[in-house]
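A.B. asks: Return a 3D structure for these sequence lines:
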Amino acid sequence: MEFKKSQKLYTKGLVNLVGAVNSPVRAFTSVGGNPLFIKKAKGTKITDVDNNTYVDLVLSYGPMILGHRHKKVQKAITKALKNGYSFGASTENEIKLAKIVCDAFPGMDKVRFVNSGTEAVLSGVRLARAFTGKDKIIKFAGCYHGHQDALLVAAGSGLATLSLPGSKGVPEGAVKNTLIANYNDLDSVKAHFSAHDDIAGVILEPVAGNMGVVIPQDNFLPELKAYLESKGALLIVDEVMTGFRSKFGGAQELLGVEADITCLGKVIGGGFPVGAYGARNEIMEEVAPLGGMYQAGTLSGNPIAMAGGIATLRELKKQNPYEKFNEVAQIIEVFLLESAKKHGVEITVNRFGSMINPFFTNVTVTNFKEAQTSDTKKFATFFWEMMNNGVFLPPSQFEAWFLSSALTEKDLKKITKAIDKAMEAVAKM
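C.D. replies: This next block holds a predicted model:
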């Protein structure tokens, strides 16, 4: 494959864009080479400016769960565009999407739409503090909750990819109320409660997707929730990535836990910039205009995004592709393991629903420390060989692959063929 036009755009982009990108992981820093520039996408395929076409397992990092430009989503947003782009006032579709989302989550009575997952989490954390009257928040190493100052510590994929422990520009005061625990380790949470009496809550991804796919072990989540209830603290579950990906609703129900506050994004916007946070009535009534916790946004509930979200979720509920997702993910997992064994490459594979991730390590990966034992040089070789064989992957060892309901048998054959060639290339390193 040739990437001459992407190279040309990269060079041009360096003049007025930071690193020629608008999000660090797009820069291909950890895999080498220059970033691709995309021209178009349809269904399971994405095409770059050099007219190379790939089976897409990035899917805009999750939201394109129906595949790109699904006809019903396209129709809905085209219709909405005719009425205007943004009003700075309420629309009926905000109410419709709110009902769909709340009905899908047993612990959610009300929801507030925002413009990104980062905004949703920032607001969810503020709400936990407002409701409890306490300041400190516990997060888990390797879980990423957006780029807000208070949670931009031990934050998973982006920083791990760049080998950064935190971020410049974040003052000590911004993280003084953030405590770090180890994922799948309840004792590390209890230790913080023993040392502090002003903890408002704990935030986590129910299935981590920014240190690779890392799944809660045993009864970690139910036991965590029970412990927090005994301490008068809230459980904030960041389902920006997992929401509507493992079932219609969140991963919480499958994992036997109900959040006090849920944060959402990605799928609920159907490819448009949307986030949301929601909870039971007594918590959400703290939010302005009902309560004293202020949060606002000029473009929140944007009519085009609401139309895209409604169409996506309605079609997703109709398709109910979750059993198929599990079947396809299992096929990919088995093939990854068999191909790696054939070529003498050590890997561990984690998957949950429509999310899957191979780690180039022989260690079982249940937390960030174990994820970091992965050989990122082997991943870089694997990544480029997959790309050269027509499969578009996230350019980081620490990002999940995503499946769409549009995936075909032909696509799956292409993926498995590419995996075998990529494993062969890794074995020759």
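A.B. asks: as a whole number, average confidence for the longest helix along the chain?
C.D. replies: Ranked by residue count, the top helix of the chain under DSSP state H comes out as helix 322-343. Regarding helix 322-343, the rounded mean pLDDT is 97.
A.B. asks: Report the buried residues of it.
C.D. replies: For helix 322-343, burial by neighbour count (16 or more other Cβ atoms under 10 Å) applies to 322, 325, 326, 328, 329, 332, 333, 335, 336, 339, 340, 343. All C-beta spots, glycine's among them, are computed from the backbone N, C-alpha and C.
A.B. asks: For the first one, give me its contacts.
C.D. replies: Read that as residue 322. Taking Cβ atoms under 8 Å, 6 or more residues apart in numbering, we find residue 322 in contact with 246, 247, 248, 353, 354.
A.B. asks: If we use 10 Å, what do you get?
C.D. replies: By Cβ atoms under 10 Å, 6 or more residues apart in numbering, the contact list for residue 322 reads 244, 245, 246, 247, 248, 254, 316, 353, 354, 405.
A.B. asks: can you check the fifth one too?
C.D. replies: The neighbourhood of residue 329, defined by Cβ under 10 Å, 6+ apart, consists of 213, 349, 351, 352, 353, 354, 355, 356, 401, 403.
A.B. asks: any idea which of the residues you listed is closest to residue 310?
C.D. replies: Of all these, residue 354 has the smallest distance to residue 310: 20.8 Å, by Cβ to Cβ.
A.B. asks: CA atoms only for the following helix or strand past the longest helix of the chain - export them in PDB, please.
C.D. replies: Using DSSP states H and E, the helix or strand that directly follows helix 322-343 along the chain is strand 348-352. Below are the C-alpha coordinates for strand 348-352, written out as PDB (Å, rounded to 0.1, in the frame of the first residue of the first chain):
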ATOM      1  CA  THR A 348      -3.100 -12.800  25.800                       C
ATOM      2  CA  VAL A 349      -6.500 -11.900  24.500                       C
ATOM      3  CA  ASN A 350      -9.300 -10.100  26.400                       C
ATOM      4  CA  ARG A 351     -12.800  -9.500  25.100                       C
ATOM      5  CA  PHE A 352     -16.200  -8.300  26.300                       C
END
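A.B. asks: Note down every partner strand of strand 348-352 and its orientation.
C.D. replies: Its sheet considered, strand 348-352 pairs with strand 355-359 (antiparallel) by DSSP bridges.
A.B. asks: If you count neighbours, what's buried in the strand it pairs with?
C.D. replies: Applying 16+ other Cβ under 10 Å to strand 355-359 flags 355, 356, 357, 358, 359 as buried.
A.B. asks: Please apply the same query to stretch 404-419.
C.D. replies: Buried residues in stretch 404-419 (16+ other Cβ under 10 Å): 404, 405, 406, 407, 411, 412, 414, 415, 416, 418, 419.
A.B. asks: and what of stretch 222-239?
C.D. replies: Neighbour count says stretch 222-239 has 224, 225, 227, 228, 233, 234, 235, 236, 237, 238, 239 buried, by 16+ other Cβ under 10 Å.
A.B. asks: leaving aside the residues next to it on the chain, what's closest to residue 272?
C.D. replies: Excluding the flanking residues, the one nearest residue 272 by Cβ to Cβ, 6 or more residues apart in numbering is residue 305, at 3.8 Å.
A.B. asks: give the contact list for the one you found.
C.D. replies: Residue 305 makes contact with 77, 80, 86, 93-94, 97, 113, 115, 268-275, 299 under the criterion Cβ under 10 Å, 6+ apart.
A.B. asks: middle-most residue in this protein, spatially?
C.D. replies: With distances taken as Cα atoms, centre = their mean, the residue of the chain nearest its centroid is residue 241 (3.0 Å).
A.B. asks: What segments of the stretch 1-150 of the chain are helices?
C.D. replies: For the stretch 1-150 of the chain, helices defined by DSSP state H, counting those that start in this stretch occupy the ranges 4-16, 71-81, 92-104, 117-132.
A.B. asks: can you check the stretch 151-300 of the chain too?
C.D. replies: Using DSSP H, counting those that start in this stretch, the helices found in the stretch 151-300 of the chain span residues 157-161, 172-175, 186-195, 220-231, 251-255, 281-284.
A.B. asks: ok, back up a step: report the inter-axis angle for the helix or strand hosting the residue nearest to residue 272 versus helix 322-343.
C.D. replies: Using DSSP H and E, the element containing residue 305 is helix 303-319. Using axes from the mean of the first three to the mean of the last three Cα atoms, to 10 degrees, one finds that helix 303-319 and helix 322-343 are set 80 degrees apart in direction.
A.B. asks: Offset the numbering so it begins at 209, please.
C.D. replies: Okay, using 209 as the starting number, the last item reads as helix 511-527.
A.B. asks: centre of the chain versus helix 511-527, how much separation?
C.D. replies: The chain centroid and the centroid of helix 511-527 are separated by 18 Å under Cα atoms, centre = their mean, to the nearest Å.
A.B. asks: Check the model's average confidence along that helix for me.
C.D. replies: 98.
A.B. asks: now stretch 312-330
C.D. replies: 96.
A.B. asks: Could you report the distance from residue 432 to residue 394?
C.D. replies: 6 Å (Cβ to Cβ, to the nearest Å).
A.B. asks: ends of stretch 457-471, how far apart?
C.D. replies: End-to-end distance of stretch 457-471 (Cα to Cα, to the nearest Å): 12 Å.
A.B. asks: whoops, I mixed them up, stretch 568-586
C.D. replies: Taking Cα to Cα, stretch 568-586 runs 7 Å from one end to the other.
A.B. asks: which parts of that stretch are buried?
C.D. replies: Quick answer for stretch 568-586 (16+ other Cβ under 10 Å): 568-569, 573-576, 578-580, 582-584, 586.
A.B. asks: coming back round to it: show me which of the contacts of residue 537 are buried.
C.D. replies: 421, 557, 559, 560, 561, 562, 563, 564, 609, 611.
A.B. asks: residue contacts, the third one?
C.D. replies: So that's residue 559. Neighbours of residue 559 in contact, by Cβ under 10 Å, 6+ apart: 415, 421, 423, 533-534, 537-538, 540-541, 544, 565-566, 608-609, 611.
A.B. asks: wait, doesn't residue 484 sit right on residue 308?
C.D. replies: No: checked against Cβ atoms under 10 Å, the pair residue 484 and residue 308 is beyond contact range at 11.0 Å.
A.B. asks: Of those two, give the one with the bigger neighbour count.
C.D. replies: residue 484 (31 against 19; other Cβ atoms under 10 Å).
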